[in-house]
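Colleague: need coordinates for the following:
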Amino acid sequence: ILDLAGLVEAGVRCTRKILDLAGLDEEVEVSICDSIGVNPFPSSWRKGAFSMCNLPVFLRDGEPRTRVTHIPAHLCLINTLRDSSKAVTILETGPLSCVSRALHSAPELAASLGLHRVVWMGGAIYVPGNVNGPNRDGSAEWNAYWDAPAAKHVIEHGIPVHVCALDCSQQAPLTSDLLARLARVTTAGGMGDIGGQMLAPMLTSFTGILDEREEGRNGGLGGGSGS
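Modeller: Model (predicted):
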């Protein structure tokens, strides 16, 4: 877990509860990366973890059971690679700070420690970014922008990096229809249900559902006025 400006407690608690409910509390440990990014995330995004901690499904389950290690995340990553008998793929859904620090501390990771590849959710290639505001041109994506030097270091290190850029989200937009479909195929308290509860606050309208109804109304009115 990356410590985003001192709000790491909520992120750690939320992550532990997800692992608990996924039945992985005996298999996975949570570690914390104390890297400081060049550009901090918006405070509203960082504080969102506190809301997630209070989802009913988490509260009903009691206190987190998944263990938290006190070993810094980049050293924990190095130890995991050294102990693994198989080639490892790192899935990074945030900034590449921790991976970059691991490579700085153990440059031989890729060659001798079995690091197969890094799959990274970050960047924006053929679509606009999501970093907006004064003195920003809107081309950057937050996971890259938070620690651009780390992203540059990992990408140029020579390890295969598979980038799932912001472009991918254009193929799977978040809509009310998507959440409704997710709700129909998941059980209460299951991973899909938890995901839906986390995503729901991000919608600010009934995207997809009311849009279709509105189109039907407009079509009916248009036909009546033209007849």
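
Colleague: in the protein, where is pLDDT below threshold?
Modeller: Applying pLDDT under 70 to the chain picks out residues 3-6, 110-113, 205-227.

Colleague: now the helices for it?
Modeller: Per DSSP state H, the chain carries helices over the ranges 8-21, 43-53, 56-60, 73-83, 97-105, 109-112, 142-145, 148-156, 176-185, 191-199, 209-226.

Colleague: what's in contact with the third one?
Modeller: Pointing back at helix 56-60 there. For helix 56-60, the external contacting residues (CB atoms under 8 Å, 6 or more residues apart in numbering) are 14, 17, 21, 52, 188-189, 193-194, 197. All C-beta spots, glycine's among them, are computed from the backbone N, C-alpha and C.

Colleague: can you give me the buried ones in it?
Modeller: residue 58 (16 or more other CB atoms under 10 Å).

Colleague: from the middle of its chain, how far away would it be?
Modeller: Centroid displacement of helix 56-60 relative to its chain, using CA atoms, centre = their mean, to the nearest Å, is 21 Å.

Colleague: tell me which residues touch residue 160, please.
Modeller: Neighbouring residues of residue 160 by CB under 8 Å, 6+ apart: 116-118.

Colleague: any idea how far the residue most central in space within the chain is from residue 60?
Modeller: With distances taken as CA atoms, centre = their mean, residue 93 lies nearest the centre of the chain, 4.4 Å away. Remark: distance between residue 93 and residue 60 (CB to CB, to the nearest Å) = 26 Å.

Colleague: restrict the longest strand seen in the chain to CA atoms and write it as CSV.
Modeller: The longest strand of the chain (DSSP state E) is strand 115-121. Extracted as CSV, the C-alpha positions of strand 115-121 are listed here (Å, rounded to 0.1, in the frame of the first residue of the first chain):
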residue,chain,number,x,y,z
LEU,A,115,11.0,-11.0,-12.2
HIS,A,116,9.1,-11.9,-15.3
ARG,A,117,7.3,-8.7,-16.1
VAL,A,118,5.4,-5.7,-14.6
VAL,A,119,1.8,-5.1,-15.5
TRP,A,120,1.0,-1.5,-14.7
MET,A,121,-2.3,0.5,-14.7
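
Colleague: buried ones in that strand, by neighbour count?
Modeller: For strand 115-121, the neighbour count (16+ other CB under 10 Å) marks 115, 118, 120-121 as buried.

Colleague: same question, stretch 144-161
Modeller: 144-147, 150-151, 153-155, 157, 159, 161.

Colleague: report the beta-bridge partner residues of the closest residue in space to residue 161 that isn't next to it in sequence.
Modeller: Leaving aside its sequence neighbours, residue 161 sits nearest to residue 118 (CB to CB, 6 or more residues apart in numbering; 4.8 Å). With DSSP bridges as the criterion, residue 118 is bridged to residue 90, residue 161.
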